[in-house]
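Undergrad: sequence and predicted structure, then a few things I'm wondering about:
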Amino acid sequence: MNKREGEGCPRKNADALQDRDASATQASPIITVFKVFQQELDTKHDKYERLVKISRDVTIESKRTIFLLHRVTSVADPEEILNEADVKLDAVRQKIGQIAEELRGEDIFQFHRAFTPGIQEYVEAVSFLHYIRHRSLISLEEINARLVFMRTEKVDVKGSAEALPPGAQVLTFQVTPADYLLGVADLTGELMRMCISSVGNGDIDTPFQLSQFLRQIHDGFSYIGNTGPYEVSKKLHTLRQSLGKVEDACYTLRVRGSEIPKHMLADVFSSRTTLIDPEEGVV
Amino acid sequence: MSVTEMFSYIQGFLSADQDVREDIRKVVQLLEQTAREILTVLQSVHQPSGFKEIPSKCAKARELFCTVKTHLADLKTKFPVEQYYRFHEHWRFVLQRLAFLSAFVVYLETETLVTREDVAQILGIEVVREKGFHLDIEDYLAGVLIMASELSRLAVNSVTAGDYTRPLRISNFINELDSGFRLLNLKNDPLRKRYDGLKYDVKKIEEVVYDLSIRGLAKEPESGGDK
């Protein structure tokens, strides 16, 4: 390929360039290094895409769990639903295990954007379940404690290059405080819905408990204010709205509760929720 | 754990995070300052008189890169090394500029494409993530692309300064670079946007080469070749 070097004929120059372009594909050092870059970028992008996919699965399953949990207000035996939700969340945790697997030895923040929606949704689901069971806020440690995975001699389908040492291997996944915070912010929307629907079912105590709990969370968020990530301040607005709805509901319960029989209260509230619903959007 | 406790724990975490970011921002500002100084030094190669001074300008720039090294060494101490990407956004931009400046200096000196290893060495950082503060491949590539548009300017200005052979060499170089970039499967990200600008640089240089060729200007100085 050196033949052409130093060729000065202007007419041929354009041709020469093209030829060079073609011959460069084989030998030029620039092309050689770019081949390496190509591989490196592809590997990175593939990993990113895989994570996005898993994250999407996590989101879908978590959302389903949340829907399932909403049914808790309308059935006789809540325990059954809670257990079913637990099973579902176990499956989600397995998925998160796959994320942890992908992130082994990586900088998790490099790929954080890929899986943060899924994790937030998971936090929302798991904290919702926790609230229904224990009427309290799940802590970050409690969430992380359940995201420890044992991998025993797992021969991976993906055939990851590194040979896993035989025997058990502990893999952990850490939810970042920011993701936790955003998940909890989403939880408040679910709690608001639960409040309204429990009124519809003639449950008078739950709304008051919920409004107290929501107020605590609201105070917590106000305390954090805008020091948190940008998304938090956005969600704070939605949180305020939810809290307002729950407080209104409690107010109505107190005022009207004394004059309307229980079974009719449901009607009052179902007309209220239709008023509220349109602006709610997809939370 | 009560709700309040939980939130104050998170708040503690967040404010620690902000402190770190504040520290990083300060160092990055210094880095940007130095990067601008280097750029100013190198800009003079576009002056007609600057062409003879290229070696001395490069030497001057290399001196300034020592300052960059100190700042970067300082930056490394500001955050836990394994959390590079958590704060990446803060220095991404300046690191791209620095990659560009290194690439430009190396091109002016040797007319070759700087390797990622060389950039890392000039900046006193690593190539591989596992080894510590490193140069992300996309930042390196972005730097190279910035250089491409700088070179298209240089091609134009070297003609003005009476150097008719340099545009041809630049043209070869950029073409090779372009076919290199064509190998990459870029996603719809900032790097892709940068790469999309490369074709305009290629076009501009080709126009310069065309103008020179059609007037026979490219011929004479190269008569030293095998003709």
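TA: Done, it's in.
Undergrad: was I right about B:His90 contacting B:Val28?
TA: Yes: counting by C-beta atoms under 8 Å, B:His90 sits close enough to B:Val28 to count as a contact (5.5 Å). Glycine gets a C-beta too; all of them are placed from N, C-alpha and C.
Undergrad: state the number of residues packed around residue 92.
TA: Defaulting to chain A. Using other C-beta atoms under 10 Å in any protein chain shown, A:Val92 is surrounded by 22 other residues.
Undergrad: let's do chain B instead
TA: So B:Arg92, with other C-beta under 10 Å, has 16 neighbours.
Undergrad: for it, phi and psi?
TA: phi -50, psi -50 (degrees, to the nearest 10).
Undergrad: which residues of the stretch 151-283 of chain A lie near chain B?
TA: A:177-178, A:180-181, A:213, A:216-217, A:219-221, A:223-224, A:227-228 (C-beta under 8 Å from any C-beta of the partner chain).
Undergrad: what ranges do the helices span in the chain?
TA: You didn't say which chain, so I picked chain A. A:13-27, A:29-70, A:78-102, A:112-134, A:140-145, A:177-200, A:205-224, A:230-257, A:262-276 (DSSP state H).
Undergrad: should've been chain B
TA: B:3-43, B:54-76, B:88-110, B:116-123, B:137-160, B:166-182, B:190-214.
Undergrad: in JSON lines, list the ones you listed along with distance to chain A and mean pLDDT.
TA: Output for the helices of chain B, formatted as JSON lines (distance: least, C-beta to the nearest C-beta, whole Å; pLDDT from 0 to 100):
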{"stretch": "helix B:3-43", "distance to chain A": "3", "mean pLDDT": "93"}
{"stretch": "helix B:54-76", "distance to chain A": "15", "mean pLDDT": "94"}
{"stretch": "helix B:88-110", "distance to chain A": "7", "mean pLDDT": "95"}
{"stretch": "helix B:116-123", "distance to chain A": "8", "mean pLDDT": "94"}
{"stretch": "helix B:137-160", "distance to chain A": "6", "mean pLDDT": "94"}
{"stretch": "helix B:166-182", "distance to chain A": "4", "mean pLDDT": "93"}
{"stretch": "helix B:190-214", "distance to chain A": "4", "mean pLDDT": "93"}
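Undergrad: now render those helices as a markdown table, adding distance to A:Ala185.
TA: Shown next, in a markdown table, are these (distance: least, C-beta to C-beta, whole Å):
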| stretch | distance to A:Ala185 |
| --- | --- |
| helix B:3-43 | 12 |
| helix B:54-76 | 33 |
| helix B:88-110 | 23 |
| helix B:116-123 | 40 |
| helix B:137-160 | 32 |
| helix B:166-182 | 42 |
| helix B:190-214 | 29 |
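Undergrad: so which of those comes closest to A:Thr73?
TA: helix B:3-43 (22.2 Å; C-beta to C-beta).
Undergrad: which other helices and strands contact the closest one?
TA: helix A:140-145, helix A:177-200, helix A:205-224, helix B:54-76, helix B:88-110 (3 or more C-beta pairs under 8 Å, 6 or more residues apart in numbering or on different chains; DSSP states H and E).
Undergrad: closest one to A:Lys47 among these?
TA: helix B:88-110 (16.4 Å).
Undergrad: show me how far the closest one is from its chain's centre.
TA: Mean C-alpha position of helix B:88-110 versus that of the full chain (C-alpha atoms, centre = their mean, to the nearest Å) differs by 3 Å.
Undergrad: and the angle for that helix with helix B:190-214?
TA: 20 degrees (axes from the mean of the first three to the mean of the last three C-alpha atoms, to 10 degrees).
Undergrad: helix B:88-110: which residues count as buried?
TA: Judged by neighbour count using 16 or more other C-beta atoms under 10 Å in any protein chain shown, the buried positions of helix B:88-110 are B:90-92, B:94-108.
Undergrad: what's the burial count for A:Leu51?
TA: 22.
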